[in-house]
Structures are given as C-alpha cells and as structure tokens.
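Peer 1: Sequence first, then the predicted structure:
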Amino acid sequence: MKSIFTCQKCGYQSPKWLGRCPDCGEWNSLVEEVSEPSSVHPSEYSSVPPQSWTEIGADKDIRFSTGIEEFNRILGGGIVRGSVILVGGEPGIGKSTLLLQISNLLSKKQRVLYVTAEESVKQAKLRGQRLGIEAKELFIVSETNLNLITTYIKKISPCVVVIDSIQAIYKEDLSSAPGSISQIKECTARLTLLAKKEDISIFLIGQVTKEGYLSGPRVLEHIVDVVLYFEGDKYYNYRILRAIKNRFGSTNEIGIFEMSAQGLSPISNPSKLFMENREEKSPGSAVVCCMEGTRPLLVEIQALVTPTHFGIPARKNSGLDYNRCLLTLAVLQKKANLKLQMQDIFINVVGGIKIIEPAADLGIALSVVSNFRDRRLRSRCLFIGELGLGGEIRNVTQLNRRISEGEKLGFEYCLIPKSKPKPHFKDIKIIEVGDIEEAIEMGLEKK
C-alpha cells in the first residue's frame, strides 16, 4: 500500500501534494488517500461469450413505466432494465421527494428497495406519510455500507433500487472517507456491475458542489447510463428535470413539475401555466415559443430600459444567454438606430426557466424596443425568429409546431420570418417580416 494524493474535484492523482491541481486548477483540493488494489475479482464479471449481432434478440419488455408521464418522457419512454440513473440537484429541490414518489408507484407492480443513507427509517417514514405513501412492496433500509447494501439487494431481489445518496455510501475495504473520489468511483462501479449482472435498475441521488456541478469525479457521469439534473429557483414552485446524458433516449427532453405539500406534481401543459398571470398592458412584454426536445413551450420575456445614473450602463439578464443578449442589443443600436448606449437594460424570462435557443431573439429585441419607446406590443401576438448580425430575421426549426402551440392558447397573431411556403392556420394570422426594422413596425401597436 502507498499514499497517493487525489483531487476531490476532478480526480487527478499525484504522488506528492500540490497546492493547485494541474488538471482543473482548483486550489487545496488534493487529499491524501491510501492506494489499494481493487477488490473486484474476475469471477464477478459476466462470462457470457461474444455473440453475433444478428443472434441477439430484442426484448420488447426492456422498458417499463414509472407511473409519471413527465418522467417517462425524459428517460425516452420509461426505465430501461439494468440501467443506472444518476439524479442531481441542489439541496431541497426535490430529488428524494420525486424518487420516493416514483418508488411508491413502481412498488404497486414490482418490488422496490429504497436505501436511505442520510436519514433514519423513521425519518423517511415521516416524509412518506406526508406524501401519502402506503406500499407493501416498498422496502426501506438505512445503511451506508456497500457490502451490506449488496447483501440486501441479493436477499430481497428488487426490480428497482434507489440509493440516497451515493456520496454517503462507502466500501469498507477502502481506507478513504465516504464522499471521497475513490469511494464514489468504486461504489458506483460496483453498483453498475451489479445492475448489469442482475438486470436491476438503480437510481443514484447525487449531491452538487457550491458551483452547481455534480459532486464527485467527472468519470462518475461516464459510468452511469443516464444523468438527470434538477433546475429551478427555490423561490419558485416549478422544477425542471433535464437529461444531461441518456444512452437510451434524447437529451433534449425536459420534465416540468410543481412542488406542493403533497410532493412534486407533473405539469402536462406548462405553456398555459406560464401564461396565466401575464399582463399585456405594460410595455416591454413579449411571448416567444422555444422548443424543449419535441415539446413547444410558450414563455414570457420582460425587458426594462431606464437611463443610467453612472458612467457605465448596466446589462443584466435572467434565464437567457448573456452574450446573446449583448448581440441583440448591438444589432438594435446599429440597424434600428436605437440610442441604448446610456441605458440600463434588464431582461428576464418569467417563471425561472432558461432559454438557450436563438428562436427567442425576435421576442428579446421587441421587448427592449417596446419598453424603450414606451409603446405596447401588438396584443395577443407571438414572436418567433432568429436575429442575424445584419438585422435580418432568420427562419427557425419546427416553425409549424410552434405556431400551433400559440394557436391552441388563443393567440391571434404570430410574427415570423419570411418563409416559403407561407404557413396557413385557421385561427391565427401569420405576419411575415424580413428585418428588424420591419419587425418593429409590425410588432408595435399603432399610436
């Protein structure tokens, strides 16, 4: 046995202590650990010989439903048997609550083992009573020793196992403390091996660092099959569950939930929810349609433009890409002749969600123009389009699906880029624009 220094942020290893990690640049992150040979024996691995691709049969029942449609959407249609799913997020955002609810639904048809490593069984029972959980096939144990957890899994033979959380689990033949790089990597690898061998689906709850990244080495995300991450402001009731990695489906899908006293409730029509308290009378409010995977989502963008009282004007935004906002403001100054040089500009996406696609550019630009000129935008109008550096309005993908979503929610107009052929809809009027000046003329209400 010999000592080795391991970075607790990225997993870099060095034979001697260093003040700063050469790999990730973090200061004082190298911790001394005792290097020991792996205890996994070759006999633990599957001994199935190589098979021809054409000889492998497809299993129609390889997926099964969680009982929550929003969660099934993120996973690509349901849980894949033998998969390992890592769920991360800030403390108190709802990771344990959601997985306890899913465990309750799954236990109605199959056996589930919930391993709580951070609270006692009675504490977990108290939380479960608040959520209305009553299931006979849901087994719960408070344990942190990986060897004992493995024994319980083989004894109970569950179809689904939940580990809450992986940072608290330790392998007793490793000398490093629970939560260290070596422990997390070794425990995850051992659980992944067990999942593939026994065809058990395992959920791992992961903690996050103060920077908002999943705690543990980067290799942890490579070991597991699916990485899900909770987003959302703790001051809002809405939670967004996004797939960062998914070997069995798309990473573009999101699930939207609402936190209540009874737990997390899925929201089937989030566009309607975000539009409920919208006020059209005030200038600076525009509605855009962004695509989250296959789902069109209508959100409101608000802008506030005020004269600056300092030498350097402020540029702040929430829920949008900062550089994209600066680009939009530069185009407005150059191509629309707006004098924004000495104006403080604040842009916000209502509801605490984040927009990263360029289809919201037109809505951002017109909300700024509306508030700057103190003129309201066209009533019941949806804005879709990408803004180019030359001031032109460019086309976006899945335009018809975006317009259809606006039509369902009662919008009467839709401002879009010029396209061939021109879309035709029964209950919404299509207005095509070619550049930002034309968009401003058609988007603002007439005096």
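Peer 2: Yep, that arrived.
Peer 1: Could you use CA atoms for every contact and neighbour count after this?
Peer 2: Fine.
Peer 1: so where do the strands sit in the stretch 301-447 of the chain?
Peer 2: 315-318, 343-349, 381-383, 386-387, 393-394, 413-417, 429-433 (DSSP state E, counting those that start in this stretch).
Peer 1: Show me what the longest one pairs with in its sheet, parallel or antiparallel.
Peer 2: This means strand 343-349. Note on strand 343-349: by DSSP bridges, its sheet partners are strand 295-307 (antiparallel), strand 315-318 (parallel).
Peer 1: which one of the ones you listed lies closest to V224?
Peer 2: Nearest of the strands paired with strand 343-349 to V224, taken as Cα to Cα: strand 295-307 at 26.1 Å.
Peer 1: hang on, the earlier thing: what would the strands paired with strand 343-349 look like in JSON lines with mean pLDDT and distance to G249?
Peer 2: Listed next are those as JSON lines, based on pLDDT from 0 to 100; distance: least, Cα to Cα, whole Å:
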{"stretch": "strand 295-307", "mean pLDDT": "94", "distance to G249": "15"}
{"stretch": "strand 315-318", "mean pLDDT": "94", "distance to G249": "29"}
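Peer 1: what's the closest of the strands of the stretch 301-447 of the chain to E70?
Peer 2: Per Cα to Cα, nearest to E70 of the strands of the stretch 301-447 of the chain: strand 343-349, 22.3 Å.
Peer 1: neighbouring contacts of that closest one?
Peer 2: Contact with strand 343-349 is made by 299-308, 313-320, 355, 364, 368, as judged by Cα atoms under 8 Å, 6 or more residues apart in numbering.
Peer 1: Which stretches in this structure count as helices?
Peer 2: Under the criterion DSSP state H, helices of the chain are mapped to 69-75, 95-106, 121-130, 146-156, 181-198, 219-223, 270-274, 322-335, 361-373, 399-408, 436-443.
Peer 1: now, of those helices, which is deepest in the fold?
Peer 2: helix 361-373 (a mean of 25; mean count of other Cα atoms under 10 Å).
Peer 1: Are there helices or strands packed against that helix, and which ones?
Peer 2: Judged by 3 or more Cα pairs under 8 Å, 6 or more residues apart in numbering; DSSP states H and E, the packing partners of helix 361-373 are strand 285-292, strand 295-307, helix 322-335, strand 386-387, helix 436-443.
Peer 1: Dump these into a markdown table; add distance to I347 as well.
Peer 2: Formatted as a markdown table, the helices and strands packed on helix 361-373 follow (distance: least, Cα to Cα, whole Å):
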| stretch | distance to I347 |
| --- | --- |
| strand 285-292 | 10 |
| strand 295-307 | 4 |
| helix 322-335 | 8 |
| strand 386-387 | 17 |
| helix 436-443 | 18 |
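Peer 1: Same list, the helices of the chain, but as JSON lines with mean pLDDT and distance to M342 please.
Peer 2: Below are those laid out as JSON lines (pLDDT from 0 to 100; distance: least, Cα to Cα, whole Å):
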{"stretch": "helix 69-75", "mean pLDDT": "92", "distance to M342": "44"}
{"stretch": "helix 95-106", "mean pLDDT": "94", "distance to M342": "44"}
{"stretch": "helix 121-130", "mean pLDDT": "91", "distance to M342": "53"}
{"stretch": "helix 146-156", "mean pLDDT": "95", "distance to M342": "61"}
{"stretch": "helix 181-198", "mean pLDDT": "90", "distance to M342": "50"}
{"stretch": "helix 219-223", "mean pLDDT": "81", "distance to M342": "45"}
{"stretch": "helix 270-274", "mean pLDDT": "80", "distance to M342": "32"}
{"stretch": "helix 322-335", "mean pLDDT": "95", "distance to M342": "11"}
{"stretch": "helix 361-373", "mean pLDDT": "96", "distance to M342": "12"}
{"stretch": "helix 399-408", "mean pLDDT": "93", "distance to M342": "35"}
{"stretch": "helix 436-443", "mean pLDDT": "96", "distance to M342": "21"}
